[in-house]
Each structure stands twice: as structure tokens, then as C-alpha cells.
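[1] Pasting a predicted model and its sequence here:
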Amino acid sequence: MSLTNVFNIAGTGMNAQSIRLNTTASNIANAETVGSSEGDTYKARKPWFSVLEKQWNDVDRLNRKLDVRSQMGDGVKIDGIVESEAPLKKRFEPNHPMADEEGYVLYPNVNIVEEMTDMMSSSRSYQMNVEVMKTAKQMLQRTLTLGQ
């Protein structure tokens with residue numbers, strides 16, 4: 001792997017964690033919104049990631065061996081954002097204006113503890129990718145000064 005690929009890989013990681021952080025913030029912001037039916041009640045969302053496959057040229061394809069380097073990708077790609085299939089929370093609040101005929105109000109299927117954990121994890125992962133980029137930049141700058 002060349003040192004310049006590090007920037008691409010860390011950049012896709014930062015982008016992925018940024019999207020993860022935004023969906024987590026959206027989940028937390030909507031955790032206490034109510035609905036009267038399943039269709040209009042907010043559902044927790046999670047980003048779906050996968051490995052960004054390497055683009056092999058013909059020479060690489062012919063010389064490629066089954067080792068760890070040939071199995072690594074070129075970063076992370078976002079396949080989409082999916083809604084949680086967990087059941088919505090039903091609370092008996094007959095005086096609530098959004099209550100159904102039986103007196104129940106639907107709340108989103110957002111688990112605040114899980115969302116806070118995701119937020120801390122994505123923030124830390126983003127910071128680690130920034131550190132990787134800083135280190136790679138320092139290595140490139142030191143390589144350039146070798147000839148002086």
C-alpha cells in the first residue's frame with residue numbers, strides 16, 4: 001500500500017463516521033417525538049457500510065497473490081441508511097392529543113444509551129482517522145526532507 005492511499009482510506013473512514021454521527025444525532029433528536037400510527041412515527045436509523053473494493057489493473061490481477069494485502073479494501077463506502085425493525089414503544093397516555101382510540105401513543109424505537117454509545121464510538125473513530133492522516137502527512141514531509 002502506498003502512503004498516498006492512506007489519505008483516501010482515512011478520508012472514506014472520516015466520511016463514514018460523519019454520516020454515522022449525523023444519523024445518531026437525528027435519532028437522539030427524535031427520541032421523544034410521538035405518533036398516532038406506525039407510519040407516521042419516527043424509526044431509528046443506522047448507516048450501512050461495506051468495504052470499498054480495490055480497483056485492480058491487469059498487471060496487478062495477474063501478479064496478485066492471496067495474502068493479507070490483496071484482501072484489504074480501499075476504504076469504506078456507505079451502502080445506505082436503514083430503519084430499525086425493532087418494535088415502536090407504546091405508552092398509555094389517554095389525555096395526550098396524539099393518542100389513538102385506545103389511549104396509546106407511539107414513541108420511536110430509539111434506545112438513548114445505545115445512541116450515546118454509537119455517538120462516542122463514531123466520534124472516536126473519526127478522531128483516529130484524523131490522527132492517521134496527520135501521521136501520514138508527517139511521514140511524507142520527512143521523506144521530502146531526506147534529500148536535504
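    Alright, I've got the coordinates. Predicted model only: the values in this text are computed from it and were never measured.
[2] Tell me the pLDDT of the residue nearest the centre of the chain.
    Nearest to the mean C-alpha position of the chain, counting by Cα atoms, centre = their mean, stands Arg20 at 3.2 Å. Per-residue pLDDT puts Arg20 at 96.
[3] Next: Asp74.
    For Asp74, the predicted pLDDT is 82.
[4] so what's the residue nearest to the centre of the chain up against?
    Counting by Cβ atoms under 8 Å, 6 or more residues apart in numbering, Arg20 touches Pro47, Asp118, Ser122. Heads up, the C-betas are built off the backbone N, CA and C, glycines and all.
[5] Can you classify the first one as helix, strand or coil?
    In this case it means Pro47. strand (DSSP: H, G, I helix; E, B strand; the rest coil).
[6] could the contacts of Arg20 go into JSON lines alongside neighbour count, distance to Leu146 and pLDDT?
    Shown next, in JSON lines, are these (neighbours: other Cβ atoms under 10 Å; distance: Cβ to Cβ, whole Å; pLDDT from 0 to 100):
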{"residue": "Pro47", "neighbour count": "21", "distance to Leu146": "41", "pLDDT": "96"}
{"residue": "Asp118", "neighbour count": "20", "distance to Leu146": "43", "pLDDT": "95"}
{"residue": "Ser122", "neighbour count": "21", "distance to Leu146": "37", "pLDDT": "96"}
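[7] Looking at those residues, which one is closest to Glu131?
    Using Cβ to Cβ, Ser122 comes nearest to Glu131 of those, at 15.1 Å.
[8] Can you tell me how far the nearest residue to Leu21 once chain neighbours are set aside is from Asp40?
    Residue nearest to Leu21 in three dimensions, not counting chain neighbours: Ser122, with 4.6 Å by Cβ to Cβ, 6 or more residues apart in numbering. With distances taken as Cβ to Cβ, to the nearest Å, Ser122 is found 28 Å from Asp40.
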